[in-house]
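In: Sequence plus the predicted model coming up.
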Amino acid sequence: MEFGFTEEQEKLRKDVRDFFMNEMPEDFEPGVETMFSLTKEQTEFWMTFQKKTGEKGYLTPGWSEETGGLGLGPIEQGIVEEEWGRTGGRWPNFSGLHIAGPAVQVFGTEEQKKKFLPGIAKGEAVWNQAFTEPEAGSDEANQQLRAVEDGDNYVLNGQKTFITTYVKPDYLYTLARTADTEPKHRGISLFLVPGDAPGVSYRALGSMGFGTQVDIFYDNVKVPKENLLGELNRGFYHAMSAFEFERSGTGGPASAKRSLEEFVEFCKETMRNGKPLMEDPEVRRSVAQMAIDIEVQRLIAWHAVWWFSEREKLGPKPYDLSGFFTKIFSTQHPETMMNIMGLYGQLRTGSKWAKFAGKVERRWQIARSVHPAGTLEVNKIVLAGRGLGLPRVPAKFNKQIAKALGEKK
Ligand SMILES: Cc1cc2nc3c(=O)[nH]c(=O)nc-3n(C[C@H](O)[C@H](O)[C@H](O)COP(=O)(O)OP(=O)(O)OC[C@H]3O[C@@H](n4cnc5c(N)ncnc54)[C@H](O)[C@@H]3O)c2cc1C
């Protein structure tokens with residue numbers, strides 16, 4: 001396998017890096033001033049930044065020029081994403097760029113593509129992925145939000161929960177029940193719902209990590225039929241394919257690498273018991289282990305990108321494990337850093353006694369909210385089925401297990 005990049009690809013990397021370096025504020029602190037708990041001014045800054053990046057085509061480099069992209073291949077997309085990951089920032093429209101947008105690309109009509117994609121590519125529109133409900137998290141097929149046909153519209157009633165929203169969304173990429181079928185996943189459809197449609201309301205949850213999740217309520221919300229995405233009652237299958245986009249990427253490892261580099265500097269500069277932390281053998285071992293983890297994560301991410309670029313020749317794509325490792329390491333690494341820092345690791349950003357700008361405490365909290373894109377257990381189930389091709393547990397056995405558990409209670 002060739003591990004290098006071409007001259008053009010290296011030039012693209014330099015252009016993208018220069019653009020981010022010039023446009024990001026000099027005092028930007030990755031990992032602290034990200035999209036979490038933003039002030040109004042910071043939110044405005046990130047929206048403006050998103051638009052500037054969209055004007056360059058760097059938000060969606062792989063999309064066609066008609067839809068606002070640069071028409072580049074998977075390797076080039078990986079480069080742009082890696083450079084963005086290095087900066088440590090977040091897009092307000094993460095869900096539009098990585099989930100709803102790709103789904104519209106794949107399953108949308110020509111009209112839908114024309115109507116929705118340029119707004120995402122230009123960084124103007126913000127989308128939320130509105131899938132999770134109180135009883136439909138991992139059990140995504142158990143959707144209760146109901147969409148009922150009414151003339152030229154569907155009328156939606158129900159609730160979503162734990163939806164990440166950095167700013168008020170322009171659109172909600174919504175999963176809803178359209179038929180009472182058995183099995184349940186055959187009666188679900190996808191809708192593109194305006195975020196300010198009459199009957200849509202939001203309630204902040206104030207969670208510990210991301211701090212920006214909401215409940216969303218749909219009260220007789222009318223959605224025109226042309227906003228149905230893909231086939232009626234096939235929404236579950238469409239949504240599952242689109243999850244691949246959320247679970248992959250080169251940005252995560254790049255962001256982790258930058259954090260570790262900063263942490264190494266901190267360990268070199270910080271004295272304990274009369275010598276730099278970095279001279280403590282246990283600290284050296286832990287830092288080396290984190291570096292190995294991140295390198296593995298990075299290589300897996302690039303392997304998946306390479307596979308995407310070759311997939312016509314190679315057949316079905318593999319399950320990309322980089323998102324899986326991002327989940328594992330983004331939980332473990334802040335814990336390790338916390339141990340190395342001792343009590344100072346617990347001091348918050350803003351405390352004048354905080355070391356390393358309080359980033360470790362923040363990351364430690366964020367690391368506890370590892371549910372976006374599904375839990376680790378569910379990721380393993382997907383890996384077993386799609387990645388390794390292991391047979392699924394037949395439905396009849398699931399029923400037998402549920403019955404046995406029920407009988408024991
Ligand atoms: C920070 C954050 C951001 C989020 N953003 C969004 C968003 O933007 N949009 C959105 O739609 N949702 C979002 N979610 C919701 C997220 O998708 C769900 O939390 C996730 O799918 C898990 O569902 P649940 O919370 O209902 O857990 P449950 O399904 O209730 O699971 C509870 C526990 O049981 C385990 N479990 C469940 N089923 C199995 C099984 N078959 N085998 C083994 N173990 C199992 C799980 O792993 C977990 O540990 C977000 C969540 C968080 C924490």
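Out: That came through, no problem. Numbers count the residues shown, from 1 in each chain.

In: Near the ligand, which residues of the protein? Just list them.
Out: With the criterion set to CB under 6 Å from any ligand atom, the chain comes near the ligand through 95, 128-132, 137-139, 162-164, 209-210, 213, 369, 371-372, 374-375, 377-378. C-beta: built from backbone N, CA, C; applies to glycine.

In: What subset of the residues you listed is buried?
Out: Neighbour counting by 16 or more other CB atoms under 10 Å classes 95, 128-132, 137, 162-164, 209-210, 213, 369, 371-372, 374 among the residues of the chain next to the ligand as buried.

In: Would you map the helices across the stretch 251-400 of the chain?
Out: Applying DSSP state H, counting those that start in this stretch to the stretch 251-400 of the chain gives helices spanning 251-269, 281-314, 322-341, 359-368, 376-382, 395-408.

In: Pipe those helices into a markdown table and attach mean pLDDT per row.
Out: Listed next are these as a markdown table, based on pLDDT from 0 to 100:
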| stretch | mean pLDDT |
| --- | --- |
| helix 251-269 | 91 |
| helix 281-314 | 88 |
| helix 322-341 | 88 |
| helix 359-368 | 83 |
| helix 376-382 | 82 |
| helix 395-408 | 65 |
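
In: Of all these, which one is nearest Q77?
Out: Closest of those to Q77 is helix 281-314, at 7.5 Å (criterion: CB to CB).

In: Could you list every helix and strand that the closest one packs against?
Out: Using 3 or more CB pairs under 8 Å, 6 or more residues apart in numbering; DSSP states H and E as the contact criterion, the elements in contact with helix 281-314 are helix 74-87, helix 251-269, helix 322-341.

In: Comparing the ones you listed, which comes out most buried?
Out: The highest mean neighbour count among the helices and strands packed on helix 281-314, using mean count of other CB atoms under 10 Å, belongs to helix 74-87: a mean of 22.

In: could you give the mean pLDDT of that helix?
Out: The average of the pLDDT scores along helix 74-87 is 92.

In: name the helices or strands packed onto that helix?
Out: Partner elements for helix 74-87 (3+ CB pairs under 8 Å, 6+ apart): helix 7-23, helix 251-269, helix 281-314.

In: Surely S369 and L205 touch.
Out: No. If you go by CB atoms under 8 Å, S369 and L205 don't touch, sitting 11.2 Å apart.

In: residue in the stretch 1-150 of the chain nearest to the ligand?
Out: G137 (1.7 Å; CB to the nearest ligand atom).

In: got the phi/psi numbers for that residue?
Out: phi -100, psi -90 (degrees, to the nearest 10).

In: list the contacts for it?
Out: For G137, the contacting residues are F162, H371, by CB atoms under 8 Å, 6 or more residues apart in numbering.

In: swap in the one 5 residues further on?
Out: Contacts for N142 (CB under 8 Å, 6+ apart) come out as E133, E135, A136, K184.

In: burial of the second one, as a residue count?
Out: Under the neighbour criterion other CB atoms under 10 Å, E135 is assigned a count of 10.

In: Leaving out chain neighbours, which residue sits closest to it?
Out: Nearest residue to E135, sequence neighbours excluded (CB to CB, 6 or more residues apart in numbering): N142, at 5.3 Å.

In: Next: the last one.
Out: Closest residue to K184 apart from its sequence neighbours, by CB to CB, 6+ apart: A141 at 4.4 Å.

In: okay but the one you found is in contact with R177, surely?
Out: No. Proximity of A141 to R177 does not meet the contact threshold set by CB under 8 Å, at 9.6 Å.

In: overlap in contacts of these two?
Out: I188.

In: The two - which one has more neighbours?
Out: R177 (24 against 17).

In: On the strand side of things, show who the more buried one bridges to.
Out: Here R177 sits in beta bridges with R146, I188, going by DSSP bridges.

In: List the residues that contact it.
Out: Q143, Q144, L145, R146, A147, G187, I188.

In: Give me the buried subset of these.
Out: Using 16+ other CB under 10 Å, the buried ones in these are Q143, L145, R146, A147, G187, I188.

In: Make TSV from those and add pLDDT to it.
Out: As requested, those are exported to TSV (pLDDT from 0 to 100):
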residue	pLDDT
Q143	96
L145	98
R146	98
A147	98
G187	97
I188	97
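
In: Please identify which pair of the residues you listed lies farthest apart.
Out: For the buried ones among the contacts of R177, and using CB to CB, no pair is farther apart than L145 and G187, which are 12.2 Å apart.

In: Could you pull up phi and psi at the residue of the chain positioned farthest from its centre?
Out: For the chain, the largest distance from the centre (CA atoms, centre = their mean) belongs to G274, which lies 42.4 Å off. Reported as degrees, to the nearest 10, the phi and psi values for G274 are phi 80, psi 0.

In: Confirm that Q144 sits in a helix.
Out: No. Q144 is assigned coil when assessed by DSSP: H, G, I helix; E, B strand; the rest coil, not a helix.

In: Next up, the contacts around it.
Out: E133, E135, A136, G158, Q159, R177.
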